Structure formats: structure tokens, C-alpha cells
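> Any chance you could fold what I've pasted below:
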Amino acid sequence: MRSVSRPATRIRPCGIVAALAAAAGLAACVPAEPVPGLFAIAGGVVHPVSSEPIPGGVVVVRDGKIEAVGADIAVPTGAEVIDATGKSVIPGIIESHSHMGFKMLNLPATGSNNNELSGPINAHVRAVDGLDSSDPAFAIAVAGGVTTQNVTTGSRSPNSGQAVLLKMRGGTVEDMVFAPAGMKFAIRATTPYPGFPQTEQGVFDLLAGELEAAQEYLDRIAAHEADPAASSRPARNLTREAFGRLLTRDSVVGVHSHSEAQMGYALELKRRFDLDLYIHHGDRTDVHAEEMARLGVPVSFGPILPFDSPESPDLLGPVRLAELGGLVAFHQDHPDGHQYFLRHTGAMFVRRGMPRAEALAALTRNGARIFHVEDRIGSLEPGMDADIVLLDGPDPLAWESLVQRVWVDGVEVFNRDTGYNVFGGRIPRGW
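Prediction:
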């Protein structure tokens, strides 16, 4: 039975002092003027993720950034205080793989919007150029505590394009853009189009050939810059430039791969070209966990619910990878899986042996680490973006806990009590 906690109340630090002063027969203090953009979430169990949980903790936010986190934090004068007693506070959830805004909820006709199929190599295609911020799924995602998503192109071509990190700020796609999210490869040979490889080996050979061609392109540029008189500069090639950023590790690449063989090809790309590479899906992480840990290859595992049961052996792969010190993040792969269940995946993995702290990190900080934005999001620390989730129970991984309020960059984007959602959709009671 779910424990019932009272709605978050708003109090002023001076109000507490005034009550104590009145009890002692002293003059009450004069309430301070509220300071815009300054608030503190106080009294709950704070989960910084980068450090141990803090019972009765305080998170101070000023102008969109976290100013202070701790147990003995003085609330600044003029701050709005949000009472989190009996509740939990976590960083905003980062979903490491989604097609939201491409494949729109309940609109099957948009199901192929994330796949450019005029050719097998589409490094020039950018996800951000094709997204629609009116997708009603955004409202559901933010109500589930998701504050950042990696929205990526599809998997029907060996190279489908470039992904983008979106923050759930509302407004237009341009308002939500946070950071580039690298390239998308797919070890998949199920698309019967002219010029596409017909086998997974053919897909691997095509991608390896493109990377080799990009290296030659970079070498020719370097040779020209070293001695302009000795050679001409190659004509600009956007595909070679995009693949070149993979070779210089200036851009991450996610490789769609489910099976043992597909994942094997992805790992060979890592070995041969030393790419900053992670794996999308990774159903057979159990087979490759040791090699992935050795090579430093993370997995964005999913979709999980409602597809995998708590007893699924597939869950043991990420558990093993985490045990070995590897990096695991979770995703629901909209529209295949519902974002409401994303937080619940953590509970499933805890049941299968993953430490609670690691399961929470897989929902937050690990996704930030994959995309090298952990200095901005994924944990509750001073200086970080104020992407924060308040849940109505003390355990953020409990199935019964509900997301109560969400802030992105210190701005409230969801409030269960008032029904406010920055994307405009009211979430059904109990979600």
C-alpha cells in the first residue's frame, strides 16, 4: 500500500524564526522580500548520485544553477523554501535513447520520420532538423521525471545521421536544444533498398570503409596544411568531416546492436578505430560484458518495460557490466516503451543484483557521462544545472513513488498538485 504524504508546502525561513520568537516572547522578524530565481528544497532525502544520500538534506537553487547541497545548509534570505519532508530529491532523469519528436505518439504515419533511406550513409542528416515539439509524448516524459533526452535518428540505414540532446524546457525544438549527441550507426541488414548492404558483415565493411576514407581525408588536409605547396587541399566533404570527428574522438557514436554478432561487430569498430563508442540496446551484454568493460564501451540498455519481465536473463548483462566497472544507462526508446516506466527499470535491476546507487546512476549521471556533459547535468552538486525531480516518497526507485514536481534549469516544468505541465498535457491521476 502506498504511503500518503502531504503536498509540498512553501514556507519562509523567517516564518520559522518568527514562530520560535513568538514562543519565547520575543519580537518576530520581518519577512524578507522573495528573491526571484532563488529557492531551496529542504527536509527530504537528497540523492546527489555523485555522493551518498543525505537524509534531511537541502538543495539551494539560484538563477538556474545549484548553489549548495548538504545537510547543514543555511537557506539564503529571500529564498522560497519547498518542504520535502518524507520525500526524495534526485537529479533529472536522462534518457539515453529516444525518437520523441520524430515518431509521434499515437500517429503511426510518423513512424518512419527518423530514417533517411535514399542511401546507406547519412552523416549529413541531423535529428534536430526534423523534430516536432508538439509530440504529446513530451508531456508524459517530463511527468515521469525525464529532463534530458538523446533524440537520435533511426536504425534502418547503417549510418542514419546525427543525434541531439534535448532538455524538457517546453517551447520550440530550438528552445529545448542542449548539446550535440554524436553519430548513429546500426549493425542491421534488414532494409531491402538499392545500394544497401544485404548482410551484417556488409554493414560492418561499409562503415569501416567510410572511416578509412575519412582518415585519408584528414591525412590529406594535414599534409596540405604542413606544406601547402606540396599538395592541394581536398574539396570539402561533409560526410568525411562528420566521420573524421569520430576518428579524432570529438564526437561520440552510438551503435544499434541487439544480438551477440551485432555487438561483436560494434566492438570490432571500437578496437580497429579507437572510437568514442557506446552500444544502443545491447541485448547480449551478458556475453560481451568483460570485453566492453576492458574497452570502456558503455551500453544504453533498453527498451525494458513492458518488454522484459523482472526475471528476464537479459537484465543480467548490465548488472555484470556494472560489477566490472562499466557504464550502464537505461532507455525506453520512444515510442516503443513508455517514459513513465523508465524510473521503474531501476527497481528491476536492483532486484537482479545491481546496487541501488548504480541503478540510480544509470538513470541520471551515466547518461551524462556517455555524452560528456556530466559537468552540467546528471548529479546534484554546486555549479550544476538545476535539473531536479521531487518524488512523493523517500525511495526514488519505489514503484509506488510518484514524481511530484520537476525543474529544468531551475524553472518548474511539472507540478502534479496543480496539474501544470510545460508541454500543456495533463497527466492522468496515478501516473
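
> which residue ranges form the strands in the stretch 201-350 of the chain?
In the stretch 201-350 of the chain, the strands defined using DSSP state E, counting those that start in this stretch lie at 253-257, 277-281, 299-301, 328-330.

> Output the ones you listed in TSV, with mean pLDDT appended to each entry.
What follows is the strands of the stretch 201-350 of the chain, written out as TSV (pLDDT from 0 to 100):
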stretch	mean pLDDT
strand 253-257	98
strand 277-281	98
strand 299-301	98
strand 328-330	98
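
> how about the biggest helix by length in the chain: buried residues?
Counting residues, the longest helix found in the chain (DSSP state H) is helix 200-226. The neighbour-count check on helix 200-226 (16 or more other Cβ atoms under 10 Å) flags E200, V203, F204, L206, L207, E210, L211, A214, Q215, Y217, L218, I221 as buried. (Glycine included, C-beta is placed from N, CA and C.)

> Near the nearest residue to H99 once chain neighbours are set aside, how many residues? Count them for me, please.
Sequence neighbours aside, N114 is the residue nearest to H99 in space, at 5.0 Å (criterion: Cβ to Cβ, 6 or more residues apart in numbering). Using other Cβ atoms under 10 Å, the number of residues around N114 comes to 24.

> Phi first, then psi, for N114.
N114 adopts backbone torsions of phi -90, psi 10, taken as degrees, to the nearest 10.

> do Q149 as well
Per degrees, to the nearest 10, the backbone of Q149 is at phi -130, psi 140.

> Do you know the pLDDT at it?
pLDDT recorded at Q149 is 98.

> What of the one 3 residues further on?
Per-residue confidence for T152 comes out at a pLDDT of 96.

> That one - how many residues pack around it?
Neighbour count for T152, taken as other Cβ under 10 Å: 29.

> and it, what does it touch?
Neighbouring residues of T152 by Cβ atoms under 8 Å, 6 or more residues apart in numbering: H97, S98, H99, N114, A127, S160, A163, A181, K184, G254, H280.

> Distance check, it against G70.
With the distance defined as Cβ to Cβ, to the nearest Å, T152 ends up 37 Å from G70.

> Over to V164?
34 Å.

> now swap in R352 and tell me
33 Å.

> need the contact list for the most centrally placed residue in the chain.
Note on the chain: the residue nearest the mean C-alpha position is I94, at 2.4 Å, using Cα atoms, centre = their mean. With contact set as Cβ under 8 Å, 6+ apart, I94 has these partners: 146-150, 329, 363-368, 377-378.

> do E116 as well
E116 neighbours (Cβ under 8 Å, 6+ apart): N122, V125, T153, S157, S160, G161.

> Output those residues in JSON lines, with neighbour count, distance to L324 and secondary structure appended to each entry.
Formatted as JSON lines, the contacts of E116 follow (neighbours: other Cβ atoms under 10 Å; distance: Cβ to Cβ, whole Å; DSSP: H, G, I helix; E, B strand; the rest coil):
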{"residue": "N122", "neighbour count": "23", "distance to L324": "34", "secondary structure": "coil"}
{"residue": "V125", "neighbour count": "21", "distance to L324": "35", "secondary structure": "coil"}
{"residue": "T153", "neighbour count": "26", "distance to L324": "30", "secondary structure": "coil"}
{"residue": "S157", "neighbour count": "26", "distance to L324": "32", "secondary structure": "coil"}
{"residue": "S160", "neighbour count": "26", "distance to L324": "30", "secondary structure": "strand"}
{"residue": "G161", "neighbour count": "25", "distance to L324": "32", "secondary structure": "strand"}
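
> In a markdown table: those residues, plus distance to D333.
Listed next are the contacts of E116 as a markdown table, based on distance: Cβ to Cβ, whole Å:
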| residue | distance to D333 |
| --- | --- |
| N122 | 20 |
| V125 | 19 |
| T153 | 13 |
| S157 | 17 |
| S160 | 14 |
| G161 | 17 |
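
> and of those residues, the nearest to P34?
Closest approach to P34 among the contacts of E116 (Cβ to Cβ): T153, at 44.5 Å.

> Return the backbone torsion pair for the nearest residue to V252 once chain neighbours are set aside.
Distances taken as Cβ to Cβ, 6+ apart put G182 closest to V252, at 3.6 Å, once the chain neighbours are dropped. Backbone torsions for G182, taken as degrees, to the nearest 10, come to phi 80, psi -160.

> From T77, how far off is the residue nearest to Q162 when sequence neighbours are not counted?
Counting by Cβ to Cβ, 6+ apart, R126 is the residue found nearest to Q162 once chain neighbours are left out, at 4.8 Å. Note on R126: its distance to T77, by Cβ to Cβ, is 46 Å.
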